[in-house]
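>>> I'll drop the sequence and a predicted model, then ask my questions.
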Amino acid sequence: MRLALLIAIGFTSIAPLFGQKALVIGIDGIRSDVFESSHTPVMDDLISDGLYSPDCLNDDITISGPGWSAILCGVRSDKHGVTGNDFSSNNYDDYPTVIKYIEEANPNLNTISICHWNPINDYIVQSYADTKENVGSDIDVETRARHYLDVEDPDLLFLHFDECDGAGHSTGFTSDSPDYVTAIETTDSLIGEVINSLKARPNYPDENWAVFITSDHGGIGFSHGGETIEERRIPFIIAGDSIETSVIIKDSSLLSITNCLMDTTELTFDGDNDYVEFPHIPDYDFGPNRDFTVECRVRTSMAADVAIIGNKDWDSGNNKGFVFSFKYPSGPEWKVNIGDGSNRADLNIGAAIADNEWHSLAVTFDRDGMMKMYQEGVFVGETSIASIGDIDNGSGFFLGTDINQAYDFGGSIAEVRIWDMALDASAISDYACNEVDAQHPNYNSLIGYWKLDDEQATVLEDFSTNDNDGIITDATWMAADSTYVYDYSETPKLVDLPVSVLGHLCIAADPSWDIDGQSWVADCTYDLSDCVNPGYITWNGSISNNWHDADNWDKGRVPLVCDNVIIPADFSVNIQAGATAVCYTLKTIGNAELCQDAGANFDVLTKD
């Protein structure tokens, strides 16, 4: 249906802003705390002119496939269906990329997507963008972006930079990795070149650009995919002339914690190069057949692919040694693994312990029989380890990391015990929440005992006869009866970005789209006080009857908010369905006709 507007026009004092454009930049694998400590003058300048949160969360799966699906579709994995990087279970038919909605709202908008990681374009963007390119480097992303800004007229330009993630996987997602920090700083420079080209556009003063920047995930150690805050927390930036300057951060509170051992202090690990090393001694060589038992108490709020306690390289479960961790990739079950270099055995059946409460964990290793798991002194399950051979690798034990200082754990650890025998169930149950003393029935088999209640000590005293004190690196002592708990409920999430882009482009999200996110930009409105001495723009109809074809206007562009529009006699002008048109005043001469398709939006701000 079309509506002819021959005389009567609706007038409002505030109308949708026209000339909106969006530059959306995705940087793969940016950990927020490392971003903040890096030298990024370009993004810092954007932050000073817009909205910024260092506490944006990927609150779903911290893997690229589901992360970029959330960023581009505005929904989480329970809707878009992507849980890994193979995209095999995607539901993009029901929850497509936001680019589809933009094109449907106004097919004349020019949408471009340039990606260094091909699956984003191949699986998510598909054919919805007017132009899409897969390129081989981040420099290529920058070069092609500048090309399109120089020679074309993009309304939405999406860029994906990938090399920060590659540096994190190669050298570590940490500020201690020069390559990772350099990758972040190099990406900042590339973004600067893109911004320079954007601002050099001839029509830039008449355009209203917003720049959106975020990441799909952070990282911990050399990987991601878990639920640690280092993997979930990423930066979120929206900058532009129409964006209100603000900083959005998490809330914090001090929570009381009860420890049944009644310790007055606890040793906490922040998940970034905090650990304790117990040097290697012959008593820790369990070889191919020596039985042993490991006990500890743990408090954490994040289930992830970490090394809580162990003596192995956790890059592979086949590697020699043992480790306590979580079921891959993000629990919630805690697990134990043992390997001999070729074979492995795993128990993934521990209960969910990432509740910020203390839990007693114990595992017995009967080398020609069963590996048995206990929690709070209660038997959980067992599996055979009779096929596991020599597990020695010459390493000591570590708390909070593996033997290569990777897979860092975040939380607190206490009451660590190593025995050179497989304890029975009663010994584990009786001492699950009691300190060990000479009354313990197996006291003479205790080869390592660290209470971790040393109150500000720089080493951990070994209370066994071995006197093998632990060396603390960066882990922090704090009061045992309290901990800081952080609330991210009011900070941005990945799913918020596409809704915010739609809002800036003056496209209302249809409830039928069932989008999860919320918009962080103001309503698409314009203050008429900015319209000083509005100019005139006249229709010439040189190529079509479509309002949004720029060549139909004498100034070679579509009318803006502060334009007085003139439609001469004998012309019929059409505003297509889903499109938004606006002008300061409208004057139709003689039999000139302005028609509006159903679903189109048209606002005249003042009467001529």
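Happy to help now that I have it. Numbers count the residues shown, from 1 in each chain.
>>> got the domain ranges for the chain?
2-12+525-604, 20-250+489-513, 256-486 (automatic domain parsing).
>>> ok, which of those domains comes nearest Ser519?
Of all the domains of the chain, it is domain 20-250+489-513 that lies closest to Ser519, at 4.0 Å by Cβ to Cβ. Where you see a C-beta, it was placed from the backbone N, CA and C, and this is true even at glycine.
>>> first-to-last residue distance for that closest one?
End-to-end distance for domain 20-250+489-513: 22 Å, by Cα to Cα, to the nearest Å.
>>> quick one: mean pLDDT over it.
For domain 20-250+489-513, mean pLDDT rounds to 95.
>>> most tightly packed of the domains of the chain?
Among the domains of the chain, the stretch with the highest mean neighbour count (mean count of other Cβ atoms under 10 Å) is domain 20-250+489-513, at a mean of 21.
>>> ok, for the residue nearest in space to the middle of the chain, nearest residue in space, not its chain neighbours?
Centroid-nearest residue in the chain, with Cα atoms, centre = their mean: His217, separated by 3.1 Å. Excluding its sequence neighbours, the residue lying closest to His217 (Cβ to Cβ, 6 or more residues apart in numbering) is Thr62, at 4.0 Å.
>>> I'd say Ile403 and Asn393 touch.
Yes: Ile403 lies in contact with Asn393 (Cβ atoms under 8 Å); the separation is 7.4 Å.
>>> so what sits against both of the two?
Shared contacts of Ile403 and Asn393, defined by Cβ atoms under 8 Å, 6 or more residues apart in numbering, are found at Asn311, Lys312, Asp313, Gly321.
>>> how about the closest residue in space to the second one that isn't next to it in sequence, what does it touch?
Just to be clear, that refers to Lys312. Of all residues not flanking Lys312 in the chain, Gly321 sits nearest, at 2.7 Å (Cβ to Cβ, 6+ apart). Listed by Cβ under 8 Å, 6+ apart, the contact set of Gly321 reads Gly310, Asn311, Lys312, Asp313, Ile338, Gly339, Ile391, Asn393, Ser395, Ile403.
>>> so how far is Gly225 from Gly321?
Gly321 is 22 Å from Gly225, where distance means Cβ to Cβ, to the nearest Å.
>>> just list whatever residues bridge to the residue nearest to Lys312.
Gly339 (DSSP bridges).
>>> and if you look at the one 4 residues further on?
Counting by DSSP bridges, Ser325 is bridged to Lys335.
>>> confirm that Ile249 sits in a strand.
No: going by DSSP: H, G, I helix; E, B strand; the rest coil, the assignment for Ile249 is coil, not a strand.
>>> related to what we said a few turns ago, among the contacts of Gly321, which are in helices?
Among the contacts of Gly321, no member falls in helices (DSSP state H).
>>> for those, which one is nearest Phe161?
Asp313 (30.7 Å).
>>> and the lengthiest helix in the chain, how far out from the chain middle?
Looking across the chain with DSSP H, the single longest helix is helix 178-199. Remark: helix 178-199 is offset 19 Å from the chain centroid, using Cα atoms, centre = their mean, to the nearest Å.
>>> next one: stretch 95-112
How far stretch 95-112 lies from its chain's middle: 24 Å, per Cα atoms, centre = their mean.
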